[in-house]
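Student: I'll drop the sequence and a predicted model, then ask my questions.
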Amino acid sequence: MIGPKTAYILLWFPLASETFIFREVMNLWNMGLDLKVYTLYGEHTKNLSAEMQSVSHKMDRLGIPFLKYAFKDVAYWWRRNRRLTAELLRTVPFRRWNGFEKGGENLWSFLCGFTLARKFEVEGVRHIHAPWANGPATAAWISSRLTGIPFSFTARAWDIYPPDGALKEKIRDATFLRSETRANIKYLTEFAGSGSEKMYLTYNGVPLKSEREAPVTMNQPYQLLALGRFVGKKGYDFLLQACSILKGGGIRFHLTLAGAGPRGMQLKRLSNKLGLDGCVSFPGFLPYDKVSDLFYSTDIFIMPSVIHKSGDRDGIPTVLMESLMHRVPVIATDVSGIAELVEDRVTGLLIPEKNAQAIADAVLRMTEDRSAATRMAEQGRTRVLEQFNPEINHKKVLELYQRLIPD
């Protein structure tokens, strides 16, 4: 084994919607890092690919059974370091956590931190890392405070927009932090008022092999695709409004809106209200190993991300990279770090957010000039190969751990 013995803390692992984290863990294992994953919740088996299923048994999971001994672990640390434990109990739970979901997650993670701290000492962990800045980073932070083991975390999107009630302290106390976009690092530096010297850009890695290039025929009916969670920040309501504009202009097309989430019924109702029956289909959530077939039959991939009223937003959605790897032209909005991949008229079309007319105009521009569209997609594919190569990027992650964590 190489590198410091490292603990990764996640809510769930593996998770079908977090292929980028799964690939990171797998590559670090393959490179020989002594890494173990600890999940704060139980096992989540829905929609896992065969590869994910094959490693699901390797995790150390807390979940509901953890409650049987959670308070014993808090008592253990109370006896061992009463002053510090009292400080944590007095200050950390009483924060503004920006909503019930984030609040519940962070309080659970706070409690888990006491149990994980004991595990990490017993198992000789030298480095704690949380791939998300919210609950997992809270557990990593508490474990680190109790044990003195250095911790780090990755800041992505939902976990920092808006920031949780302890984010400034997690930035302050972390040995270092990673982020997947330059936009996030700029935001976090301004938010914390300091700490830029310990923030590192580590782009995600996406699978780069055995991808089929889509034919992109650009013949009517044009095949449009959007893929992601049905949540507010994805902006799918503006995409459906754009489809209404296209239909009103006599353009024949079919949009496949794949995914699942809390806004699913709302989007289906909007589609019906706009008279898009027959023009839009909702196939539901598709496991990762089934997505390639969607890209292969697509002319244009559309990512209409928006900054939600809560502040939540995307980072650089992995599906944009996957689309370009299939040489499918992309249309995306200029939100957060998306412009770090989609450069307007170079690797795709970049448009303003929350603008249905801009989406419709971009679709027409793409369909009217297939050669320009496929040229942008090819240039986008080259950028993905250079910027989001998993072997290169995850090797940089390993080197970061080796350099910054004492062995």
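Tutor: Arrived safely, thanks for sending. Residues are numbered from 1 along each chain as shown.
Student: helices or strands up against the helix of greatest length in the chain?
Tutor: Ranked by residue count, the top helix of the chain under DSSP state H comes out as helix 100-123. For helix 100-123, the packing partners by 3 or more CB pairs under 8 Å, 6 or more residues apart in numbering; DSSP states H and E come out as strand 2-10, strand 33-39, helix 67-80, helix 135-147. C-beta: built from backbone N, CA, C; applies to glycine.
Student: quick one: it to helix 67-80, angle?
Tutor: Here helix 100-123 runs at an angle of 60 degrees relative to helix 67-80 (axes from the mean of the first three to the mean of the last three CA atoms, to 10 degrees).
Student: using PDB, write out every CA atom in helix 100-123.
Tutor: Extracted in PDB, the C-alpha atoms of helix 100-123 (Å, rounded to 0.1, in the frame of the first residue of the first chain):
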ATOM      1  CA  PHE A 100     -34.500  20.600   7.300                       C
ATOM      2  CA  GLU A 101     -32.600  18.200   5.000                       C
ATOM      3  CA  LYS A 102     -29.200  19.800   5.500                       C
ATOM      4  CA  GLY A 103     -29.900  20.300   9.200                       C
ATOM      5  CA  GLY A 104     -30.800  16.600   9.700                       C
ATOM      6  CA  GLU A 105     -27.800  15.400   7.700                       C
ATOM      7  CA  ASN A 106     -25.400  17.600   9.600                       C
ATOM      8  CA  LEU A 107     -26.700  16.700  13.000                       C
ATOM      9  CA  TRP A 108     -26.500  13.000  12.200                       C
ATOM     10  CA  SER A 109     -23.000  13.500  10.800                       C
ATOM     11  CA  PHE A 110     -22.000  15.400  14.000                       C
ATOM     12  CA  LEU A 111     -23.000  12.400  16.100                       C
ATOM     13  CA  CYS A 112     -21.300  10.000  13.800                       C
ATOM     14  CA  GLY A 113     -18.100  11.900  14.100                       C
ATOM     15  CA  PHE A 114     -17.700  10.700  17.700                       C
ATOM     16  CA  THR A 115     -18.000   7.100  16.700                       C
ATOM     17  CA  LEU A 116     -15.800   7.400  13.700                       C
ATOM     18  CA  ALA A 117     -13.100   9.100  15.800                       C
ATOM     19  CA  ARG A 118     -12.800   6.000  17.900                       C
ATOM     20  CA  LYS A 119     -12.700   3.700  14.800                       C
ATOM     21  CA  PHE A 120     -10.000   5.800  13.200                       C
ATOM     22  CA  GLU A 121      -7.700   5.700  16.200                       C
ATOM     23  CA  VAL A 122      -8.100   2.000  16.500                       C
ATOM     24  CA  GLU A 123      -7.500   1.400  12.800                       C
END
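Student: so for that helix, what gets flagged as buried?
Tutor: Buried positions in helix 100-123, judged by neighbour count with 16 or more other CB atoms under 10 Å: 102-103, 105-120.
Student: can you redo the helices and strands packed on helix 100-123 as a markdown table with mean neighbour count and mean pLDDT?
Tutor: Formatted as a markdown table, these follow (neighbours: other CB atoms under 10 Å; pLDDT from 0 to 100):
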| stretch | mean neighbour count | mean pLDDT |
| --- | --- | --- |
| strand 2-10 | 22 | 96 |
| strand 33-39 | 21 | 97 |
| helix 67-80 | 14 | 94 |
| helix 135-147 | 27 | 98 |
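Student: in TSV: these, plus distance to Lys234.
Tutor: Shown next, in TSV, are the helices and strands packed on helix 100-123 (distance: least, CB to CB, whole Å):
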stretch	distance to Lys234
strand 2-10	22
strand 33-39	26
helix 67-80	34
helix 135-147	22
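Student: and the longest helix of the chain, how far from the chain's centre?
Tutor: Centroid separation for helix 100-123 versus its chain: 21 Å, with CA atoms, centre = their mean, to the nearest Å.
Student: quick check: buried residues in the helix or strand that that helix is followed by?
Tutor: Note on helix 100-123: by DSSP states H and E, the next helix or strand toward the C-terminus is strand 127-130. For strand 127-130, a neighbour-count test (16+ other CB under 10 Å) marks 127-130 as buried.
Student: quick check: mean pLDDT across the longest helix of the chain?
Tutor: This predicted structure assigns helix 100-123 an average pLDDT of 93.
Student: can you list contacts of that helix?
Tutor: Under the contact criterion CB atoms under 8 Å, 6 or more residues apart in numbering, helix 100-123 has outside partners 5, 7, 9, 11, 36, 38, 40, 60, 62, 66, 69-70, 73-74, 76-77, 88, 92-93, 95, 97, 125, 128, 134-136, 138-143, 146-147, 149, 164-166.
Student: got the angle for that helix vs strand 33-39?
Tutor: 130 degrees.
Student: quick one: Pro352 from Asp344, how far?
Tutor: In this view, Pro352 and Asp344 are 11 Å apart by CB to CB, to the nearest Å.
Student: and for Asp314?
Tutor: 17 Å.
Student: between these two, which one's more packed in?
Tutor: Asp314 (28 against 14; other CB atoms under 10 Å).
Student: my guess is the more buried one meets Lys233, correct?
Tutor: Yes. Contact criterion CB atoms under 8 Å: Asp314 and Lys233 qualify, at 6.1 Å.
Student: overlap of the contact sets of the two?
Tutor: Listed as contacting both Asp314 and Lys233 by CB under 8 Å, 6+ apart are 157, 305.
Student: that older thread, pLDDT added to the buried residues of strand 127-130, as TSV?
Tutor: Listed next are the buried residues of strand 127-130 as TSV, based on pLDDT from 0 to 100:
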residue	pLDDT
His127	98
Ile128	98
His129	98
Ala130	98
